[in-house]
Structure formats: C-alpha cells, structure tokens
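> Kindly return the folded structure for what I paste below:
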Amino acid sequence: MTICKRVIARLDVKGSKLIKGKRYEGLRVIGDACEAAKKYAVHNVDEIFYSDAVASLYERNGLSEILRKSCQDVFIPITVGGAIRSVEDGRRLLAAGADKLAINTAALKNPQLINELASTFGKQCVVVSIQARKSSLSNEWDVMVQSGRDRSSKKLIDWIKEIQERGAGEIFLGSVNQDGTGKGADLELIKKVTPH
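Here you go, the predicted model:
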C-alpha cells in the first residue's frame, strides 16, 4: 500500500487576521490571513485550511470574505472550518470559494450534521476536525470542543469510528498538547489512531 502525503497549511484566523497561540490559548495577531495563504501556495503546499479560531465561541462565521479574496490568487484546495452549523452555512462557504467544509464543535453537538453535509455535498467535501488532548489523570485522549477549551463526552476512537460511519470524507486530527509548541507532530497521538 502506498501512502500519499499532503502538506496542509492550517491558518487560524480571527476576522481577517492570521493568529497563533500555544495549545489554543494566548492568541496573538501575526499577520494577514490572505497574504499568508498566497505565500504558502507559492511554496507548493497542497491545501490551505482556514480555521476561524473563535467562531464557535461567538457563534458566527466570518470566512466568506477571506475566501473570496483568497480565491483571486490561490489556486489550490481550500478547506474552511468554524461555526458551520447547517447545510446553509456550508452552501454559503462553498459559494464563496471553499472546496471542503470542516466541522468540530457543531459535529459533537449535532452528529447528524455530518450525515446532512455528506448527503448534500458528498463525502469528499466533509472534514471532521478533532482536537485531542491527552488527559494527565487517565492517560487517555479527550476530544475537545470550543477551540480546544472544553472536554466533550466522546471517547477518541469511538468518535473516529462514528465520524466515518456518518459519512465524513476526511479527519483533520490535531493535538492540543503539541499545538503551537514547535515540537512537531504528536507521534503518540498518531500511533493511537493508526490501525495496526
């Protein structure tokens, strides 16, 4: 079996600004989101993932304008995530230029949304983002919501199985423990979810 690798640049945004934090906290502005996407595209990344880092907290999605602006200069697939709570939210973002839709908090609150998006737009369009954090108490991985702030009731492996059964085409797995630390991929988390 050949494993295909893709380089995906995840750009956390707030409004039109590119932001970065550490373990999803201490967010600070580090530039312009559209300019960053253009630079990544020039350097041959395979895909851009715009993540509205505070959308779920404020129950709004402001990515449409960024998408329209980016699509004038960026000609690689763009995935968007943040406060997509309905098929209509998804339709609006796809019309603005998104290729794929990523959901996290909304999927955990309403798992049926995965089915609805997949049946409306196709599996290839639906990405479920998982923010996992290793618990210091149980040594297990917690599935987090609200940009890595709150623990959900889902067990990691059970949630991954359910996501696949509901029709998600991709899973975007992130480690809250490693996010923004500069330590690279969380190999322990990858091993946890990779079939043996």
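> so which strand or helix has the residue nearest in space to the middle of the chain?
Central residue of the chain (CA atoms, centre = their mean): Ser129, 4.3 Å from the mean position. Assigned by DSSP states H and E, Ser129 belongs to strand 126-134.
> Got phi/psi on the residue lying closest to Gln164 once chain neighbours are set aside?
Spatial nearest neighbour of Gln164, chain neighbours left out: Ile171 (7.9 Å); criterion: CB to CB, 6 or more residues apart in numbering. C-beta coordinates here come from the backbone N, C-alpha and C atoms, glycine included. Per-residue torsions, Ile171: phi -120, psi 130 (degrees, to the nearest 10).
> show me what contacts the residue nearest to the centre of the chain?
Counting by CB atoms under 8 Å, 6 or more residues apart in numbering, Ser129 touches Ser51, Gly81, Ala102, Ile103, Asn104, Ile171, Phe172, Gly174.
> On the pLDDT front, check it for me.
You'll see Ser129 listed with a pLDDT of 94.
> can you check Lys134 too?
The score at Lys134 is 88. That number is its pLDDT.
> Ok, Ala96 next?
pLDDT recorded at Ala96 is 93.
> So it is in contact with Ser70, correct?
No - assessed by CB atoms under 8 Å, Ala96 is found out of contact with Ser70, at 9.5 Å.
> Between those two, point out the one with more neighbours.
When Ala96 and Ser70 are compared for neighbours, Ser70 comes out ahead with 26 against 18, by other CB atoms under 10 Å.
> How about the contacts made by that one?
Here Ser70 is in contact with Ala33, Cys34, Ala37, Lys38, Ile48, Tyr50, Ile78, Gly97 (CB under 8 Å, 6+ apart).
> and the second one, that one's in a strand?
Right, the one you point to is Cys34. No - counting by DSSP: H, G, I helix; E, B strand; the rest coil, Cys34 is not part of a strand but helix.
> That one and Leu11, how far apart?
For Cys34, the distance to Leu11 (CB to CB, to the nearest Å) stands at 9 Å.
> just to revisit the earlier point, what's near enough to touch the residue nearest to Gln164?
Ile171 neighbours (CB under 8 Å, 6+ apart): Val127, Val128, Ser129, Ile130, Ile160, Ile163, Gln164.
> ok, the first one to Asn139 distance?
Between Val127 and Asn139 the distance is 28 Å, computed by CB to CB.
> Give me the more crowded residue out of the two.
Val127 (22 against 7).
> Am I right that the more buried one is in contact with Asp99?
No - contact criterion CB under 8 Å: Val127 and Asp99 do not qualify, at 10.0 Å.
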